[in-house]
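Asker: Got a sequence here, can you model it:
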Amino acid sequence: MFNPDIQYRCDIIRGKAQKELDDLLPTYSTIVADICPADENIFNQQFNNKLSQSFYQKNYNELGKNQQKTIRNHITEIAGKLFGLYFKKNGLVYESPSNSKLVNDQDQPAFFKNLCLNFQFPNGTQKIQTITERINKKIKFKPFHFILALLAEAEQVKFTITTYHIGYYVLNALEVLQGKVTPKEVLDTIISNSQKNSLKRVPVTSHDFQHIRELLNLLVLANLIVIDENRNSKAVQLNHHENELIQLFIKEYNTPLQFDIYQFDLNEEYIGKRIEMEWAEYFAQIALKNAQVLNTVLPYQHQVSKKIDKNELGKMGEELVFQLEQERVKKYNQRLVNQVQLVGEIRGLGYDVKSVAADENPNNPDFDRFIEVKSTIRVTSPDLDNHDWIETVNLTRKEWVAAEQFQAAYMIYRVYFTAHKIYIRKIINPFEKNEQGIIYVMPTMYRMDFWANSVDVSVEVDNVL
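Answerer: The predicted structure follows:
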């Protein structure tokens, strides 16, 4: 019989606040994509400097010891161990497939879904002493799978699960962590204790509750659960817009761990380092062969839930900005509306929407505006009041040439699609802002032209296909 009072703290790598994780991810991700693959020493040096520039507008060696420690913690603990954005092999550091997908499709919840799908206890992020202890405790557990399965069981009997239930009866319960208890058995115990008015919980202010909050944050960022933060009970609900993926989690909650940490000989020399490296390579992978299943489902036009892919996301952002520009210009002068044009599908322009100044310049209302739209999906809203907030977008050469050419008439609209609202952040004249040091732009791609006299060796092979 399940005894939840046998408590055991099974924590993860120390995370950040929910919004911080959402804010930091694109910057980490872009830096990793720029650097990798690279020699480990070069990787560390460049990541140190790039992140230092983003955070403090200084190179790493210009920082004090505390700031340097902060940078290294971001790189190793969050970007590396928690997010799995890169892995090391044979002295080189490689970008993870999950990072590559994020850079390509700008779908942050999809990234967190993949993280949750791959996560397990024990894993290779802790020191070998902690790993050994958890193996000795016979822990075999996929926390995110189990939580979603428990929530589904609770829905069937119309019982509300809270963060406190999950903390005491799941994430801190040793028998659950050992894989000995089913979600239904946990639910039955919670209901029974509730009826007896004998429910227990981990104190919210305690060190033991911190990892519970951090684990649940990852499920929220994955768009798989919703927590009612306005209620004292902290009710947790499934996000049924993501039902296809939720059902996969539930189906696999009790399948064997994908990364068999029990296969390792813990007496082997340097075993801790080996487990860490092999776990990092595993954790970095895309968990599903069809990565489209990970793509985020958002309420679309306030009526329909729609799975968003990269092309759809870009078009949604461009169409939204186009409509908003039409509305803005129309309010000022109906005559100017026809000058607002959606041109994103015309290659090589360096902008997606051509508009006019209208109310933004009453003296010259028909002056042109050139708008490049950069869209992303995330769960939380970007917080401009947070002085540590940073963002990263990728610009093509054509876009940057257009920024230099049109200067004050050129704007970047960063569009954030979230489950509840759409946020738009407008950056006017990014070229001048870069000159002033208000933003930081660096070249990340190079085009190489070569001629006949550039070629050293020419080889011809018969077509044998």
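
Asker: Relative to Glu345, how far out is Lys138?
Answerer: For Lys138, the distance to Glu345 equals 57 Å [Cβ to Cβ, to the nearest Å]. Every C-beta, even on glycine, is put in place using the N, C-alpha and C of the backbone.

Asker: cool, and Val202?
Answerer: 54 Å.

Asker: ok, the two, which is more surrounded?
Answerer: Set side by side, Val202 and Glu345 show more neighbours around Val202, with 22 against 10, by other Cβ atoms under 10 Å.

Asker: Isn't the more buried one up against Gly167?
Answerer: Yes. Because the distance of 4.5 Å satisfies Cβ atoms under 8 Å, Val202 is recorded as touching Gly167.

Asker: Return every residue with contacts to both of those two.
Answerer: Common neighbours of Val202 and Gly167, counting by Cβ atoms under 8 Å, 6 or more residues apart in numbering, are 209, 212.

Asker: What sits closest to the most centrally placed residue in the chain if chain neighbours are left out?
Answerer: For the chain, the residue nearest the mean C-alpha position is Gln108 (3.9 Å; Cα atoms, centre = their mean). Nearest residue to Gln108, sequence neighbours excluded (Cβ to Cβ, 6 or more residues apart in numbering): Arg378, at 4.3 Å.

Asker: likewise Asn44?
Answerer: Of all residues not flanking Asn44 in the chain, Ile75 sits nearest, at 7.7 Å (Cβ to Cβ, 6+ apart).

Asker: Would you report the backbone torsion angles of Tyr410?
Answerer: Main-chain torsions, Tyr410, degrees, to the nearest 10: phi -100, psi 140.

Asker: ok, back up a step: for the residue nearest to Gln108, give me its contacts.
Answerer: Neighbours of Arg378 in contact, by Cβ under 8 Å, 6+ apart: 22, 108-109, 221, 416-418.

Asker: The residue nearest to the centre of the chain against Val220, yeah?
Answerer: No. Between Gln108 and Val220 there is no contact under Cβ under 8 Å: 11.8 Å.

Asker: Spit out the residues that contact the two alike.
Answerer: Val379.

Asker: Quick check: which element contains Leu313?
Answerer: helix 310-332 (DSSP states H and E).

Asker: For this structure, just list every one of the strands.
Answerer: 38-39, 86-89, 92-95, 161-162, 225-227, 235-238, 297-300, 304-307, 341-342, 353-356, 368-377, 410-417, 422-428 (DSSP state E).

Asker: most tightly surrounded among those strands?
Answerer: strand 353-356 (a mean of 24; mean count of other Cβ atoms under 10 Å).

Asker: Give the partner strands of that one in its sheet and their orientations.
Answerer: strand 341-342 (antiparallel), strand 368-377 (antiparallel) (DSSP bridges).

Asker: Among those strands, which comes closest to Glu175?
Answerer: Glu175 lies closest, by Cβ to Cβ, to one member of the strands paired with strand 353-356: strand 368-377, at 37.6 Å.

Asker: okay, the angle between that closest one and strand 410-417?
Answerer: 30 degrees (axes from the mean of the first three to the mean of the last three Cα atoms, to 10 degrees).

Asker: what is the rounded mean pLDDT of strand 368-377?
Answerer: If you average the pLDDT over strand 368-377, you get 94.

Asker: any low-confidence regions in this structure?
Answerer: Within the chain, the segments meeting pLDDT under 70 span 14-15, 206, 231, 299-309, 386-388, 444-447, 458, 463-465.

Asker: for stretch 270-287, which positions count as buried?
Answerer: For stretch 270-287, a neighbour-count test (16 or more other Cβ atoms under 10 Å) marks 272, 275-276, 278-287 as buried.

Asker: now stretch 135-142
Answerer: Buried, per 16+ other Cβ under 10 Å, within stretch 135-142: 139-142.

Asker: same thing with stretch 67-87?
Answerer: Across stretch 67-87, burial judged by 16+ other Cβ under 10 Å covers 70-71, 74-75, 77-87.

Asker: ok, now stretch 380-395?
Answerer: 380, 382, 391-393, 395.

Asker: quick one on the thing from earlier: as JSON lines, the buried residues of stretch 135-142 with distance to Asn230 would be great.
Answerer: Below are the buried residues of stretch 135-142 laid out as JSON lines (distance: Cβ to Cβ, whole Å):
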{"residue": "Ile139", "distance to Asn230": "34"}
{"residue": "Lys140", "distance to Asn230": "36"}
{"residue": "Phe141", "distance to Asn230": "31"}
{"residue": "Lys142", "distance to Asn230": "30"}
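
Asker: And the residues you listed, which is closest to Ser100?
Answerer: Lys142 (24.2 Å).

Asker: Would you mind confirming that that closest one is in contact with Leu257?
Answerer: Yes. With contacts counted by Cβ under 8 Å, Lys142 reaches Leu257, the gap being 7.1 Å.
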